[in-house]
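Asks: for reference, the sequence and a predicted model appear below.
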Amino acid sequence: MADLFDQTPAPDAAHSAPRPLADRLRPKRLSEVIGQEHILGPEGPLGVMLASGSLSSVIFWGPPGVGKTTIARLLADESDLTFIQISAIFTGVPELRKVFEAAKMRRANGQGTLLFVDEIHRFNKAQQDGFLPHMEDGTILLVGATTENPSFELNAALLSRAQVLVLQRLDLAHLELLAQRAEQELSRALPLTGPAREALLEMADGDGRALLNLIEQVMAWKVAGPLDPDALATRLMKRAVKYDKSGDEHYNLISALHKSVRGSDPDAALYWFARMLEGGEDPRYLARRITRMAVEDIGLADPQAQTICLHAWETYERLGSPEGELALAQALIYLSLAPKSNAGYKAYKNARAAARKTGSEPPPKHILNAPTSLMKEQGYGDGYAYDHDAEDGFSGQNYFPDGMKHGVYYLPVERGYERELKKRVDYFAKLRARRQGG
């Protein structure tokens with residue numbers, strides 16, 4: 001009887017049904033896998049495991065169409081393990097029990113099982129925990145696949161028993177090699193000019209399976225001569241940009257945008273801004289994050305930066321898309337080229353830390369108001385020096401709790417407007433030292 005959930009078709013059906021190009025070009029050996037040499041090479045983690053004959057459970061983390069399923073299947077072949085494939089989307093607890101029972105029977109007969117779980121991050125905590133005893137006693141060797149960050153989506157217990165391997169999206173060189181293999185399989189060249197061929201590779205967006213599907217469409221066309229990029233674009237819709245507004249891609253791109261601004265690179269900032277808009281990101285979210293950049297990374301080095309961001313945000317609300325997005329783009333350019341300082345941000349964090357540490361220390365009595373006679377008798381307000389009456393409008397009195405050392409939290413940088421603020425800080429520090437000393 002065939003193993004449960006083994007999706008390999010029967011031989012007769014496999015020969016009679018038409019096979020998609022992606023299936024026909026599926027590598028037969030690990031050495032044929034394109035673009036993942038960093039894990040499959042002699043010094044890569046899987047290469048070392050196979051050479052030592054000691055394969056352990058792994059989690060493949062990477063975008064779609066980079067070979068996760070193929071590598072798992074070939075690992076089973078090269079390790080003489082029975083390959084069982086399930087998807088977390090379609091598999092519940094009863095089906096998992098059957099998979100584990102079949103693996104136990106196989107193990108009793110001296111045959112190991114490589115269980116490949118696609119979209120493993122979709123299993124809940126209880127379901128993920130269900131794998132642990134079967135991994136620990138050797139009933140299964142787990143190979144999970146996920147497009148989401150395992151650190152956020154998988155249990156710590158599961159991660160501690162499996163090595164996470166990152167698969168990379170295919171670059172243009174890898175996609176070109178895959179296109180050449182497709183041409184060999186089909187015994188003819190793509191009917192495209194050089195620029196159109198490059199455009200086709202870019203449409204795949206690093207996804208090998210998507211490229212082969214595109215090639216299959218192009219090869220089915222009846223054309224008189226090679227097509228140029230415009231003709232290709234007319235016949236073939238561009239693949240949708242990979243972007244999950246609540247997942248890894250969202251956080252990766254906003255991180256890239258923020259760091260580009262912090263790094264004073266307006267071109268990179270505009271690129272990541274455009275990438276997020278193309279992916280369908282809400283411009284209001286970007287407006288909030290852009291304003292946050294002004295507060296955190298520019299601060300008082302350019303006090304106007306925050307105002308420009310707020311005005312850009314307001315402009316977007318009045319104009320909407322696409323004109324309002326131009327206002328946000330211009331704010332990004334301004335932030336990228338503005339002097340940078342996180343001195344205000346650090347001062348705030350340091351002050352909060354000091355406040356937590358000192359607890360409920362009261363202010364010194366000389367700066368407390370005394371609206372009642374009882375409070376006056378307690379010494380409230382005694383000795384307060386009115387700064388406007390002092391020389392230079394500065395009394396130099398202590399405003400921290402009695403017995404607490406004067407804190408120094410704000411350390412302005414020598415950039416932008418904060419250069420002037422630093423002069424003021426230094427000036428008042430010298431006056432304070434002189435007057436408190438006197």
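Replies: Sure, I can see it.
Asks: and the protein, what are its domain boundaries?
Replies: When the chain is parsed with automatic domain parsing, its domains come out as 11-166, 172-235, 248-337, 363-437.
Asks: dump the ones you listed to TSV, plus distance to residue 347.
Replies: C-betas here are computed from N, CA, C, even on glycine. Formatted as TSV, those follow (distance: least, Cβ to Cβ, whole Å):
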stretch	distance to residue 347
domain 11-166	32
domain 172-235	43
domain 248-337	9
domain 363-437	4
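Asks: so which of the ones you listed comes closest to residue 353?
Replies: Taking Cβ to Cβ, domain 363-437 is the member of the domains of the chain nearest to residue 353, at 9.0 Å.
Asks: now the end-to-end length of the closest one.
Replies: End-to-end span of domain 363-437 (Cα to Cα, to the nearest Å): 21 Å.
Asks: ok, now stretch 38-53?
Replies: 19 Å.
Asks: so for the closest residue to residue 34 other than its chain neighbours, what's the pLDDT?
Replies: With Cβ to Cβ, 6 or more residues apart in numbering as the criterion, residue 34 has its nearest non-adjacent residue at 5.0 Å, and that residue is residue 174. Residue 174 is assigned a predicted lDDT (pLDDT) of 94.
Asks: near residue 174, how many residues? Count them for me, please.
Replies: Other residues lying near residue 174 total 20 when counted by other Cβ atoms under 10 Å.
Asks: and what of the one 4 residues further on?
Replies: The burial metric for residue 178, expressed as a neighbour count using other Cβ under 10 Å, is 22.
Asks: so it is in contact with residue 208, correct?
Replies: Yes. Look at residue 178 against residue 208 with Cβ atoms under 8 Å: they come within range, at 5.4 Å.
Asks: overlap in contacts of those two?
Replies: Here residue 178 and residue 208 have 34, 170 as joint contacts, going by Cβ atoms under 8 Å, 6 or more residues apart in numbering.
Asks: quick check: end-to-end length of stretch 295-313?
Replies: For stretch 295-313, the first-to-last residue distance is 14 Å (Cα to Cα).
Asks: list the buried residues of it.
Replies: Residues of stretch 295-313 classed as buried: 296-302, 305-306, 308-309, 312-313 (neighbour count, 16 or more other Cβ atoms under 10 Å).
Asks: ok, and what's touching it?
Replies: So stretch 295-313 is contacted by 258, 261-262, 284, 287-288, 290-291, 293-294, 327-328, 330-331, 334-335, 338-345, 412-413, 415-418, 421 (Cβ under 8 Å, 6+ apart).
Asks: buried subset of these as a ChimeraX selection?
Replies: Burial among the contacts of stretch 295-313 is assessed by 16+ other Cβ under 10 Å; the matching ChimeraX selection reads:
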select :258,261,262,287,290,291,293,294,327,328,331,334,335,338,339,340,341,342,343,344,412,413,415,416,417,418,421
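Asks: list the residues that contact the closest residue to residue 393 other than its chain neighbours.
Replies: Among residues not flanking residue 393 along the chain, residue 387 sits closest, at 5.7 Å (Cβ to Cβ, 6+ apart). Residue 387 makes contacts with 393-395, as judged by Cβ under 8 Å, 6+ apart.
Asks: and with 10 Å instead?
Replies: Contact partners of residue 387, counting by Cβ atoms under 10 Å, 6 or more residues apart in numbering, are 393-397.
Asks: what helix or strand is residue 356 on?
Replies: Assessed by DSSP states H and E, residue 356 sits inside helix 343-358.
Asks: next secondary structure after that helix?
Replies: Sequence-wise, the next helix or strand downstream of helix 343-358 (DSSP H and E) is helix 373-377.
Asks: tell me the angle of whichever helix or strand comes after that following helix relative to helix 343-358?
Replies: Once helix 373-377 ends, the next helix or strand along the chain (criterion: DSSP H and E) is helix 418-437. The directions of helix 418-437 and helix 343-358 differ by 40 degrees, with axes from the mean of the first three to the mean of the last three Cα atoms, to 10 degrees as the criterion.
Asks: pull out the buried positions in helix 418-437.
Replies: By neighbour count on 16+ other Cβ under 10 Å, the buried set for helix 418-437 is 418, 421-422, 425, 431-432, 435.
Asks: so, low pLDDT: which residues of the stretch 151-300 of the chain?
Replies: 237-248 (pLDDT under 70).
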